[in-house]
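[1] Got a sequence here, can you build the structure:
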Amino acid sequence: MRKFLIASAAVAAVALGGCRVQETSNQTGTLAETPSGDWPAFVNGFIEAAFKANPGFAVMQGRHEFDGQIADLSQAAIDGEVARLKKVIADAEGFSNDKLTKEQQYERDYLVAVAKGQLFWIDPAGADQLHNNPAAYLNYIDPSVYITVPYAPKEQRLKAYIKFLQNVPRATEQMRANIKTPMATSFVDYAAKAFGGFVEYYPGDGTAAWKGVGTDEDQKALKTASDNAVKAMKDTVAWVESQRASAKPNFALGKEKYQRMLADTEMVTTPVAELERIGRADLESNQKLLKEACARYAAGATIEGCMAKMNSDKPVGGPVAEARRQLPMLKQFIVDHDIVTIPGPEEAKVEEAPAYNRQNAAYINIPGPYEKNLPSVYYIAPPDPTWTKAMQDAYIPGKSDLLFTSVHEVWPGHFLNFLHANRSKNMFGRVFVGYAFAEGWAHYTEEMMRVSGLGDGKDEVLIGQLSNALLRDCRFLSSIGMHTGSMTQQQSYDLFRNQCYQDEGNAKQQAARGTYDPAYLNYTMGKLMIRKLRDDWAASRGGQKAWKQFHDQFLSFGGPPIPLVRQQMMGSKAEAVF
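    Model prediction:
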């Protein structure tokens with residue numbers, strides 16, 4: 001939840017979607033024992049049951065009594081978790097308005113939305129991802145929190161890491177038992193590469209991180225646990241590859257389940273056909289702005305040539321040094337232009353991504369609400385040194401492109417979002433921040449900052465912002481098209497290449513991601529809902545002069561589905577408005 005990885009289906013579909021399960025034998029009992037009418041106890045019971053069901057999620061929130069655990073992924077545990085979530089929803093809805101304060105009514109609706117979203121991903125009548133999508137398991141076997149988050153002395157974290165590795169063979173065995181075949185071809189491709197990466201990681205960087213830490217016995221235990229985890233990964237890769245011959249392009253949710261995904265995970269009931277029209281209008285609007293900017297910035301050049309010119313303005317000293325220069329400037333811009341309240345003195349550090357975690361160009365680790373005095377770290381990955389010089393040069397973003405990555409990840413994107421969320425009046429709002437709220441806010445801030453004057457109207461800066469917006473537009477349209485049957489994976493690739501001006505490798509990656517992360521439309525969908533809510537709310541409050549007040553109030557809600565925020569801010573029903 002607290003790690004946002006660019007183009008990471010595992011985090012987007014699993015951590016933000018809440019798709020993790022574990023042993024639930026006594027969780028229903030925990031909730032059933034909640035006194036009738038005791039709403040605060042019910043909420044606390046839900047949070048604690050969620051942590052027991054999702055120990056990796058609990059660890060990321062800062063609850064380290066769960067260290068080293070991996071969820072029970074057996075069929076019995078999955079069935080138990082489905083039953084628990086259904087009971088939670090029914091019990092929460094049983095708290096009538098006349099027995100709750102207005103604030104508690106809002107929190108009830110928030111809790112029900114979270115439970116419905118979690119249920120959708122694991123429900124056999126929903127996405128049923130734990131039986132269909134190997135990508136849903138990757139976060140379970142990612143031990144990066146023990147290595148990258150300095151929440152305790154290394155010796156303590158090493159013991160947790162060893163315990164974690166000892167649980168990996170059981171988790172992968174349960175995964176293989178759960179996944180139905182034939183798998184989708186893109187799922188086979190992704191799973192083979194991802195699980196194969198751990199074959200190299202566990203004995204390599206995953207071991208090097210603990211060099212000289214602990215006792216000789218700890219090091220021996222680390223070696224044994226790593227060897228067993230590697231064997232489990234090799235067996236998993238072999239099993240995945242054995243499914244390749246029978247694999248089919250059968251990844252689509254289908255229109256009915258896709259519509260349910262929107263309703264259950266984000267409270268969006270807008271018909272899919274209308275959403276597609278809305279998304280295409282946003283794409284065309286951004287394309288028009290890009291064409292006009294390129295005519296001024298790179299007269300006579302193609303759009304591709306214009307984008308290449310923008311990205312040729314490389315940061316002096318590399319992207320880490322440039323991001324370190326950008327963050328103070330962005331923070332000062334927020335203050336000078338009175339854009340949003342910065343609620344505390346925390347700062348995000350910028351570091352080069354460690355060697356064991358460079359599969360994404362940029363991401364941010366943000367401590368959970370139970371952590372104390374831990375830094376947030378904005379990581380930027382360098383290019384692979386084995387690449388050609390031309391490939392390495394192309395990988396390094398231009399300054400304007402990087403500027404909006406820094407906006408998205410830190411000021412005023414994810415980092416500021418969680419500065420507010422971690423100060424929410426209620427722990428529920430600190431723990432459960434949804435996909436469209438988090439990514440929608442971060443993406444919304446890119447355009448909002450540029451409109452507010454970031455870049456002083458320079459076309460190069462506008463093009464940098466639009467390059468990010470177009471990428472998300474094509475995710476939006478690809479998600480709808482591929483999962484409702486109107487677009488193939490190849491057609492999605494063509495869309496990214498020809499209408500969003502992505503390079504060949506990125507277009508291929510993005511089209512593949514859409515097959516196993518159908519919710520990656522949430523970047524643009526969230527942005528559009530936030531922008532419309534802002535305009536509606538500010539219309540009677542002075543327009544742009546009221547944006548700061550809007551931003552502060554919006555962020556105060558924690559991270560519920562955006563239609564629920566609209567209900568609270570506009571006094572209307574909870575509905576998606578674009």
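
[2] and stretch 568-575, which residues are buried?
    By neighbour count on 16 or more other Cβ atoms under 10 Å, the buried set for stretch 568-575 is Q568, M569, A574. Using the backbone N, CA and C atoms, a C-beta is placed for each residue, glycine as well.

[3] now stretch 175-189
    For stretch 175-189, the neighbour count (16+ other Cβ under 10 Å) marks M175, N178, I179, M183, A184, T185, S186, F187, V188, D189 as buried.

[4] Now pLDDT, secondary structure and distance to K255 too, for these, in TSV please.
    Output for the buried residues of stretch 175-189, formatted as TSV (pLDDT from 0 to 100; DSSP: H, G, I helix; E, B strand; the rest coil; distance: Cβ to Cβ, whole Å):
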residue	pLDDT	secondary structure	distance to K255
M175	97	helix	28
N178	97	helix	26
I179	97	coil	24
M183	95	coil	22
A184	94	strand	17
T185	94	helix	21
S186	93	helix	19
F187	95	helix	20
V188	95	helix	25
D189	92	helix	25
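
[5] What residue spans form the domains of this structure?
    Following automatic domain parsing, one gets these domains for the chain: 6-248, 264-570.

[6] end to end, how far does the longest one reach?
    Between the opening and closing residues of domain 264-570 there is a gap of 22 Å (Cα to Cα, to the nearest Å).

[7] re earlier: now the domains of the chain as JSON lines including distance to F578?
    Converted to JSON lines, these look like this (distance: least, Cβ to Cβ, whole Å):
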{"stretch": "domain 6-248", "distance to F578": "19"}
{"stretch": "domain 264-570", "distance to F578": "5"}
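
[8] what's the least confident stretch among those?
    When those are ranked by mean pLDDT, domain 6-248 comes last with a mean of 88.

[9] Just give me the neighbour total for E276.
    E276 has 17 neighbours, counted by other Cβ atoms under 10 Å.

[10] Equivalent analysis for H443, please.
    A count of nearby residues for H443, using other Cβ under 10 Å, gives 28.

[11] Is it correct that it falls within a strand?
    No. Per DSSP: H, G, I helix; E, B strand; the rest coil, H443 lies outside any strand segment and is helix.

[12] tell me the contacts of N167?
    Under the criterion of Cβ atoms under 8 Å, 6 or more residues apart in numbering, the neighbours of N167 are G68, Q69, I70.

[13] contacting residues around the nearest residue to the first one once chain neighbours are set aside?
    Using Cβ to Cβ, 6 or more residues apart in numbering and skipping the chain neighbours, the partner closest in space to G68 is K163 (3.0 Å). For K163, the contacting residues are D67, G68, Q69, taking Cβ under 8 Å, 6+ apart as the criterion.

[14] Output the buried residues of stretch 568-575 in CSV, with secondary structure and distance to R430 appended to each entry.
    As requested, these are arranged in CSV below (DSSP: H, G, I helix; E, B strand; the rest coil; distance: Cβ to Cβ, whole Å):
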residue, secondary structure, distance to R430
Q568, helix, 17
M569, helix, 20
A574, coil, 21
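
[15] Hmm, I334 is touching G413, no?
    No. Applying Cβ atoms under 8 Å as the test, I334 and G413 come out as separate, 11.1 Å apart.

[16] These two: who's more crowded?
    For I334 versus G413, neighbours defined as other Cβ under 10 Å are more numerous around G413 (26 against 23).

[17] For that one, give its distance to S492.
    As judged by Cβ to Cβ, to the nearest Å, G413 and S492 stand 26 Å apart.

[18] How many neighbouring residues does E48 have?
    Neighbours around E48, by other Cβ under 10 Å: 15.

[19] Just say helix, strand or coil for it.
    Under three-state DSSP, E48 falls in the helix class.

[20] Next up, the contacts around M233.
    Taking Cβ under 8 Å, 6+ apart, one finds V168, T172, F195, G196, F198, V199, Y202 in contact with M233.

[21] Equivalent analysis for T265, please.
    G17, K116, G117, F120, W121, G434, Y435, A436, A519, P561.

[22] Contacts for stretch 206-213 next, please.
    P143, I147, K154, E155, L158, Y161, Q219, L222, K223, S226, Y356.

[23] how does it look with 6 Å?
    I147, K154, L158, S226 (Cβ atoms under 6 Å, 6 or more residues apart in numbering).

[24] Name the SS class of the third one, please.
    So the one you mean is L158. Here L158 is recorded as helix under three-state DSSP.

[25] Please list all residues in contact with it.
    Shown in contact with L158 (Cβ under 6 Å, 6+ apart): W210, V213, G214, D218.
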